[in-house]
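Colleague: Got a predicted structure plus its sequence, pasted below:
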Amino acid sequence: MRGGPLVVVGDSLLDVDLHGTVGRVAPDAPVPVVDCQRERHRAGGAGLAAVLAAGLGRSDVVLITALGRDQSGARLRDLLGRHVQVIALPLDGGTPCKIRVQASGQPVVRLDAGDGRARPGPGSPEAGRALRQAGAVLVSDYGRGVAAHPALAAILSRLAPATPVVWDPHPAGGRPLPGSRLVTPSQAEARRFAAALGGDRDGAAGAGSGSGSVLASASRDGAALSRAWGSAVAVTLGEGGALLHTGEAVPFLAPAEAIRGPHDACGAGDCFAAAAAQVLRSGGLLTEAVTEAVRQATCFVRQGGASAAPGSAFPAEALPDHAGPVHADPAHAGPPPGAQQDADAWRVVAEVRARGGRIVATGGCFDLLHAGHVGLLREARRLGDCLVVCLNSDSSVRALKGPGRPLVTAEDRARILTALECVDAVVVFGEPTPVAVLERLRPDVWVKGGDYACDDLTEAPAVRRHGGEVVLLPYLSRHSTTALVAAARGKVAS
């Protein structure tokens with residue numbers, strides 16, 4: 001383990017998300033009119049990788065990047081400075097900016113602006129000191145000149161033998177530094193790089209369809225790149241995980257946990273590279289780094305991807321320097337401050353509601369999942385187009401059931417529930433009742449087991465206030481977590 005910070009080197013972008021609704025077509029052209037309700041700014045490219053690396057909490061993070069002297073550059077500098085130490089190099093041209101427009105949760109168009117590139121010239125003394133003190137280096141190359149800066153490249157080439165260097169390449173960038181500890185191309189990038197080695201610039205050779213051919217193609221490409229670059233290569237496969245080639249005959253596959261429902265994988269590669277770099281900085285093995293990187297990238301996508309990464313959001317009428325995140329519509333928003341909620345649930349609800357679907361919700365502790373729970377959940381799902389389970393947090397369960405409960409943590413309970421085909425999403429709440437969650441979720445149907453009486457449901461007024469209905473379903477008798485626990489403890493005692 002090296003004691004210095006993780007230093008991220010690369011091209012930063014300003015990402016802008018515009019969220020709104022479409023209710024009409026423009027009179028002067030057959031295009032939808034998006035009424036913008038919320039605007040969100042966040043760091044992209046190497047900036048996103050640095051912010052995510054800082055969020056992992058294993059070390060201080062220093063970002064060496066090029067920033068312009070325009071409004072977008074100032075905004076990006078402010079966003080980055082909240083999370084990492086920034087060493088800015090001069091940028092020639094406008095700050096790169098990607099503007100994504102969404103209507104009712106659906107992408108409409110992306111606008112790219114800014115042609116800025118890092119200015120070649122003498123290196124920054126501050127950047128040189130940061131690299132020499134680094135515990136590990138992540139090069140996040142987006143093809144805009146920072147990774148290819150001659151002064152930085154010279155220092156990196158001297159560091160590589162002793163300092164772990166993770167190189168996240170880009171087709172518009174240069175060849176990874178020889179001797180890098182790990183190179184992390186996506187499957188499509190690996191195909192293009194490998195094809196270029198053989199003279200096939202279009203990257204068509206070796207491509208195939210089906211999971212078997214995808215794995216075989218990634219294995220061939222990874223092995224070829226590992227030999228050519230003199231580095232271990234982890235080809236990221238999206239939902240397939242990542243395939244690691246270290247020069248051995250047999251590659252190492254780190255599988256990814258499945259993510260149910262639609263999801264946005266934008267930024268997952270940055271998260272993967274950042275997590276791998278942090279593990280290597282801590283002295284981990286390559287297999288450990290890739291396994292942890294797959295896990296972190298999967299969690300990142302499940303929680304909403306880059307659109308849920310740290311940033312600043314504000315209503316359309318607010319000034320650009322508005323500080324705090326403001327959500328225009330709870331159905332399309334992430335969890336409010338202090339609530340423990342799975343962002344995937346909000347995305348599922350927004351998508352189902354946008355297409356006119358019916359939201360069903362139920363709640364409980366679900367400490368030991370049994371046949372009574374499963375029967376209730378299956379019947380509840382049949383009442384609509386998606387089922388969201390409002391799950392009591394660990395502290396909430398303790399308050400309701402006593403200090404000996406829960407037996408299973410909220411994270412594991414949520415994982416078990418989402419593995420059921422009838423459950424579309426889970427929201428974890430920390431209060432004694434799910435009333436606060438239901439005020440935001442606004443389900444069309446709220447379901448509870450028949451062992452409750454309608455008068456006992458404190459959440460019923462919140463559901464009805466938003467036009468929802470409350471339904472009791474038959475409860476499978478002789479099934480109770482409390483009874484199961486008592487029976488198990490009795491057997492142990494005997």
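Modeller: Looks like it arrived, so ask away. Residues are numbered from 1 along each chain as shown.
Colleague: Next, the buried residues of the host helix or strand of Val139.
Modeller: For Val139, the host element (DSSP states H and E) is strand 136-140. Buried residues in strand 136-140, counted by 16 or more other CB atoms under 10 Å: Ala136, Val137, Leu138, Val139, Ser140. Every C-beta, even on glycine, is put in place using the N, C-alpha and C of the backbone.
Colleague: Could I get the full set of helices for the stretch 201-350 of the chain?
Modeller: 211-229, 268-281, 286-302, 343-354 (DSSP state H, counting those that start in this stretch).
Colleague: most tightly surrounded among these?
Modeller: Comparing those by mean neighbour count (mean count of other CB atoms under 10 Å), helix 268-281 ranks first with a mean of 28.
Colleague: In the stretch 251-400 of the chain, where is pLDDT below threshold?
Modeller: The stretch 251-400 of the chain contains residues with pLDDT under 70 at 313-344.
Colleague: can you rerun that using 50?
Modeller: 316-341 (pLDDT under 50).
Colleague: now the strands for it?
Modeller: In the stretch 251-400 of the chain, the segments counted as strands under DSSP state E, counting those that start in this stretch are 252-254, 311-315, 359-364, 386-392.
Colleague: What does Asp115 show for phi and psi?
Modeller: phi -110, psi 20 (degrees, to the nearest 10).
Colleague: now it, nearest residue through space, not along the chain?
Modeller: Leaving aside its sequence neighbours, Asp115 sits nearest to Gly93 (CB to CB, 6 or more residues apart in numbering; 4.6 Å).
Colleague: so which strand or helix has Leu18?
Modeller: Short version, using DSSP H and E: Leu18 is in strand 12-25.
Colleague: Adjacent strands (with direction) for that strand?
Modeller: Using DSSP bridges, strand 12-25 pairs in its sheet with strand 32-45 (antiparallel), strand 97-103 (parallel).
Colleague: Skip ahead from the first one and say which helix or strand is next.
Modeller: Under the assignment DSSP H and E, the closest C-terminal helix or strand after strand 32-45 is helix 46-56.
Colleague: What helices and strands are in contact with that following helix?
Modeller: Helices and strands touching helix 46-56, by 3 or more CB pairs under 8 Å, 6 or more residues apart in numbering; DSSP states H and E, are strand 6-10, strand 12-25, strand 32-45, strand 61-67, helix 71-81, strand 136-140, helix 268-281.
Colleague: Buried deepest among these, which one?
Modeller: The highest average neighbour count among those, using mean count of other CB under 10 Å, belongs to strand 6-10 at a mean of 32.
Colleague: who are the neighbours of it, in terms of helices and strands?
Modeller: The contact analysis (3+ CB pairs under 8 Å, 6+ apart) places strand 6-10 against helix 46-56, strand 61-67, helix 125-132, strand 136-140, helix 268-281.
Colleague: to the chain's geometric centre, what's the distance from the second one?
Modeller: In terms of CA atoms, centre = their mean, to the nearest Å, the centre of strand 61-67 is found 21 Å from the chain centre.
Colleague: just stretch 227-234 next, same as before
Modeller: Relative to its parent chain, stretch 227-234 has a centroid offset of 27 Å by CA atoms, centre = their mean.
Colleague: same thing with stretch 6-16?
Modeller: 16 Å.
Colleague: Averaged pLDDT, it. What do you get?
Modeller: For stretch 6-16, the mean pLDDT works out to 96.
Colleague: Would you mind measuring the gap between the ends of that stretch?
Modeller: Length of stretch 6-16, first residue to last, CA to CA, to the nearest Å: 26 Å.
Colleague: who does Asp92 bridge with?
Modeller: Arg117.
Colleague: and it, how many residues sit next to it?
Modeller: 13 (other CB atoms under 10 Å).
Colleague: Compute the inter-axis angle for the host helix or strand of Leu417 and helix 343-354.
Modeller: Using DSSP H and E, Leu417 sits within helix 410-418. For helix 410-418 against helix 343-354, the angle between stretch directions is 40 degrees (axes from the mean of the first three to the mean of the last three CA atoms, to 10 degrees).
Colleague: mind checking the SS state of the residue lying closest to Leu131 once chain neighbours are set aside?
Modeller: Nearest residue to Leu131, sequence neighbours excluded (CB to CB, 6+ apart): Ile155, at 4.9 Å. Secondary structure, DSSP: H, G, I helix; E, B strand; the rest coil: Ile155 is helix.
Colleague: Surely Ile155 is in contact with Gly123?
Modeller: Yes - judged on CB atoms under 8 Å, Ile155 makes contact with Gly123 at a distance of 7.3 Å.
Colleague: These two - which one has more neighbours?
Modeller: Legend: neighbour count by other CB under 10 Å for Ile155 and Gly123, higher for Ile155 (20 against 17).
Colleague: Show the contacting residues for the more buried one.
Modeller: Contact analysis of Ile155 by CB atoms under 8 Å, 6 or more residues apart in numbering lists Gly123, Gly128, Leu131, Arg132.
Colleague: same thing with His245?
Modeller: His245 is in contact with Ser219, Gly222, Ala223, Leu225, Ser226, Ala232, Val233, Ala234, Val235, Pro251, counting by CB under 8 Å, 6+ apart.
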